[in-house]
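Visitor: attaching a predicted model along with its sequence, questions to come.
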Amino acid sequence: MKELSIILDKPKYRPGETINGVVCFLLGREKRLKRVRLHIQGKSQVKSTQNEDGTNVGSALISACEEYFEDSTLLVSTDAAPSTLASGQHSLPFKFHLPEGIPSSFEGNYGNVRYSFECCIISPLKATKSVRKTISIVNPIRLSDHPRAPVVRYESLGEEGDVPRSNVEVVKLTRSQKGSVDPGESEVWAEESLIVPCHLPASGLQHCSIIHVGYYLEMCVQPWGPFPALRIPSKTPTKPSEFNVIIGSEY
């Protein structure tokens, strides 16, 4: 067998949609096949050995898994007598209906939400050829569905000048820095623009109970005396046209 691939009709899908695809393989010569099995699975998992202080010394493995669906189907099944296929290109169509209420695909350092097809071609001699295809799922989130109740949160640093984190992945997306303000004076920055990178996972990661995705606007002031950082929760939608900053409930 020279080639084996899974081709899907779209690059991305929403929960509740139907995936239409084709298993394609190229035979260099006539070959006998016993079965062609297609397996699909959707699950999330997290794994970490890092302590709250950011080290791995004396740490224990922390892991969790959540499964959303799993199914298998036989595209070719000839248990009684193996089927003989001629050399050349062969295509086996299939379809799968995605369930509602599943989270978006996500990849992180400590965990992921993954959906994938795996096709296995088994010959009478039990020789197996397999290929895997990842599916990208986007669960739409609309900012209009979230309340605009303001939340203000103050945080101060601990005695060591650091805030302990428990297996939380923090990524700085964008930053804007301003100049100094003289004593007794004030300064106002209106309609400040922050460039947000494309292809960010949506806020919250709905329908996943073991991974949370959150975004914050953080304002840091460096005065001559102690002053806490101001952190404001924000949300990102799945459609760029809907993008704006929303101050929502604490989570």
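Guide: Happy to help now that I have it.
Visitor: quick one, what contacts Val22?
Guide: Val22 is in contact with 6-7, 91-94, counting by C-beta atoms under 8 Å, 6 or more residues apart in numbering. To be clear about C-beta, it is placed using only N, CA and C from the backbone, and glycine gets the same treatment.
Visitor: name every strand pairing with the strand ranked longest in the chain and say which way it goes.
Guide: For the chain, the longest strand by residue count, based on DSSP state E, is strand 62-77. In the sheet, strand 62-77 lines up against strand 35-48 (antiparallel) (DSSP bridges).
Visitor: after the helix or strand of the chain with the lowest mean pLDDT comes which helix or strand?
Guide: The weakest-scoring helix or strand in the chain, judged by mean pLDDT, DSSP states H and E, is strand 153-155 (a mean of 41). Following strand 153-155 in sequence order, the next helix or strand is strand 215-219 (DSSP states H and E).
Visitor: so which elements touch that following strand?
Guide: Under the contact criterion of 3 or more C-beta pairs under 8 Å, 6 or more residues apart in numbering; DSSP states H and E, strand 215-219 touches strand 229-234.
Visitor: average pLDDT for the strand it packs on?
Guide: Averaged across strand 229-234, the pLDDT comes to 61.
Visitor: sorry, back to before: top of the contacts of Val22 by neighbour count?
Guide: Ile6 (21 neighbours; other C-beta atoms under 10 Å).
Visitor: quick one: pLDDT of that residue?
Guide: The model's pLDDT for Ile6 equals 97.
Visitor: Cys24 reaches Leu4, doesn't it?
Guide: Yes: using C-beta atoms under 8 Å, Cys24 is in contact with Leu4, at 7.5 Å.
Visitor: about what we covered before: direction included, what does the helix or strand just after the longest strand of the chain pair against?
Guide: On the C-terminal side of strand 62-77, the closest following helix or strand by DSSP H and E is strand 83-85. Partner strands and pairing direction for strand 83-85 (DSSP bridges) are strand 31-33 (antiparallel).
Visitor: and the partner strand, what's buried?
Guide: Using 16 or more other C-beta atoms under 10 Å as the test for burial, strand 31-33 gives 31, 33.
Visitor: what sits up against that strand?
Guide: 1, 76, 78, 82-85, 87, 121-124.
Visitor: where does the stretch 151-251 of the chain have low pLDDT?
Guide: Within the stretch 151-251 of the chain, the segments meeting pLDDT under 70 span 151-173, 224-251.
Visitor: skip the chain neighbours and tell me the closest residue to Lys12.
Guide: Closest residue to Lys12 apart from its sequence neighbours, by C-beta to C-beta, 6 or more residues apart in numbering: Ser136 at 4.6 Å.
Visitor: burial count for that neighbour?
Guide: Counted with other C-beta under 10 Å, Ser136 comes out at 13.
Visitor: ok, now Pro140?
Guide: Pro140: 14 surrounding residues under other C-beta under 10 Å.
Visitor: who's the nearest residue to Phe106 once chain neighbours are set aside bridged to?
Guide: Once flanking residues are discounted, Phe106 sits nearest to Val113: 4.2 Å by C-beta to C-beta, 6+ apart. Legend: beta-bridge partners of Val113 under DSSP bridges are Ser44, Phe106.
Visitor: my guess is Val113 meets Cys208, correct?
Guide: Yes: under the contact definition of C-beta under 8 Å, Val113 touches Cys208, with a separation of 6.0 Å.
Visitor: which SS class is the residue nearest to Ser104 when sequence neighbours are not counted?
Guide: Spatial nearest neighbour of Ser104, excluding adjacent residues (C-beta to C-beta, 6+ apart): Asn139 at 4.4 Å. Three-state call for Asn139 (DSSP: H, G, I helix; E, B strand; the rest coil): coil.
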